[in-house]
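A.B. asks: following is a predicted model, sequence given first.
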There are 2 protein chains.
Amino acid sequence: MSPFELDARLARDSDLVTVLGLCQLRILNDSRWPWLMLVPQRPGISEIFDLTPLDQTMLTFETNLVAEALKRVTGAKKINVGALGNVVSQLHVHVVARNEGDANWPGPIWGHGSAVPYDEDKKRTFLAALDQAL
Amino acid sequence: MSPFELDARLARDSDLVTVLGLCQLRILNDSRWPWLMLVPQRPGISEIFDLTPLDQTMLTFETNLVAEALKRVTGAKKINVGALGNVVSQLHVHVVARNEGDANWPGPIWGHGSAVPYDEDKKRTFLAALDQAL
């Protein structure tokens, strides 16, 4: 089987934060919400249940590690976790910090409006805090 | 700690299908999509990372079991899995079968329009097929 290659659209819409055991941890280029994404580095996977049982457990572990750190760093009211993949079929898991009054609250973030780019300083500060929390 | 009690809104919007090891498996009263929901029977839990590590693994196992069965039964293009909880904070995981051209495709199902009740015969047939696949 061919090696893992990140989908071109995921690559365009997000930046690499770090590589965990299984997944790339990436940040979306959209400052409306603190919005992270985990991409298991396995080729040809579209659904979570396509992963081996061990990889499924790893993905759960890494998702929850990231979710908990994101909540601590942001003080968010709720973390939204979702694996949709209707547009990009390569398996990717969104982890998003939500607060009352944020864009489209309490609705979902997906498909809502257009991305608002980060101020680079704010992004660096956020990622430094996240790195500490991880 | 008080025993587990299903949130009143989740109870109103869905019907019990069966009880798995950890979760209630429920079906949403909305025929626009084959839409299931897993609710871990643990009191006071809002985020997946609030569960014990064993319960997190159980939830992953049960979610993927249900997702795979749902895909097999429906022949869906994509399964959407999400834990949002912006409206109802009690932890619940959505498992939804999606197809091109369904309501709001390729956008998310949450917060879109109003529920369309099931024809009871169709619901029974769907649940019988799901039961077989589980």
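C.D. replies: Yep, that arrived. Numbers count the residues shown, from 1 in each chain, chains lettered A, B, ... in the order given.
A.B. asks: tally of neighbours for residue A:42?
C.D. replies: Using other C-beta atoms under 10 Å in any protein chain shown, residue A:42 has 18 other residues around it. In short, each C-beta sits where N, CA and C put it, glycine included.
A.B. asks: for it, give me its contacts.
C.D. replies: Listed by C-beta atoms under 8 Å, 6 or more residues apart in numbering or on different chains, the contact set of residue A:42 reads A:4, A:22, A:51, A:55, A:91.
A.B. asks: right, and the first one touches residue A:43 too?
C.D. replies: The one in question is residue A:4. Yes. Between residue A:4 and residue A:43 there is a contact under C-beta atoms under 8 Å: 4.8 Å.
A.B. asks: more neighbours: which of those two?
C.D. replies: More crowded of residue A:4 and residue A:43, by other C-beta under 10 Å: residue A:4, with 14 against 11.
A.B. asks: give me phi/psi at the residue positioned nearest the centre of chain A?
C.D. replies: Geometric centre of chain A, nearest residue: residue A:37, 1.4 Å, by C-alpha atoms, centre = their mean. The phi/psi pair for residue A:37 (degrees, to the nearest 10) reads phi -150, psi 140.
A.B. asks: could you do the one 10 residues further on as well?
C.D. replies: With angles defined as degrees, to the nearest 10, residue A:47 shows backbone torsions of phi -110, psi 150.
A.B. asks: who are the contact partners of it?
C.D. replies: Taking C-beta under 8 Å, 6+ apart as the test, what residue A:47 contacts is A:85, A:91, B:67-68, B:71, B:78-79.
A.B. asks: so what touches the longest helix anywhere in chain A?
C.D. replies: When chain A is scanned for its longest helix (criterion: DSSP state H), the result is helix A:53-74. Here helix A:53-74 makes contact (C-beta under 8 Å, 6+ apart) with A:20-23, A:25, A:34, A:36, A:38, A:40, A:42, A:48-49, A:51, A:76, A:79, A:81, A:93, A:95, A:97, A:99, A:126, A:129-130, A:132-134, B:47-49, B:56-57, B:59-61, B:64.
A.B. asks: so does whichever helix or strand residue A:80 is part of get close to chain B?
C.D. replies: Residue A:80 is part of strand A:78-83, with elements assigned from DSSP states H and E. Yes. On the criterion C-beta under 8 Å from any C-beta of the partner chain, strand A:78-83 is in touch with chain B at A:78-83.
A.B. asks: tell me which other helices or strands that strand touches.
C.D. replies: Contacts defined by 3 or more C-beta pairs under 8 Å, 6 or more residues apart in numbering or on different chains; DSSP states H and E place strand A:78-83 against helix A:53-74, strand A:93-98, strand B:78-83.
A.B. asks: neighbouring strands - and their directions - for that strand?
C.D. replies: Sheet pairing here is set by DSSP bridges, and for strand A:78-83 it gives strand A:93-98 (antiparallel), strand B:78-83 (antiparallel).
A.B. asks: which one, of those, ends up nearest to residue B:29?
C.D. replies: If you check each of those against residue B:29 by C-beta to C-beta, strand B:78-83 wins as the nearest, at 18.0 Å.
A.B. asks: angle of the closest one against helix A:53-74?
C.D. replies: If you take axes from the mean of the first three to the mean of the last three C-alpha atoms, to 10 degrees, strand B:78-83 sits at 40 degrees to helix A:53-74.
A.B. asks: got a list of contacts for strand B:78-83?
C.D. replies: With C-beta under 8 Å, 6+ apart as the test, strand B:78-83 has contacts from A:46-48, A:80-86, A:89, A:108, B:48, B:63, B:67, B:70-71, B:91-99, B:108-110.
A.B. asks: among those residues, which ones are buried?
C.D. replies: Neighbour-count burial (16 or more other C-beta atoms under 10 Å in any protein chain shown) applied to the contacts of strand B:78-83 gives A:47-48, A:80-86, A:108, B:48, B:63, B:67, B:70-71, B:91-98, B:108-110.
A.B. asks: list the contacts of residue A:37.
C.D. replies: A:10, A:14, A:25-28, A:92-95.
A.B. asks: with that, I have no additional questions.
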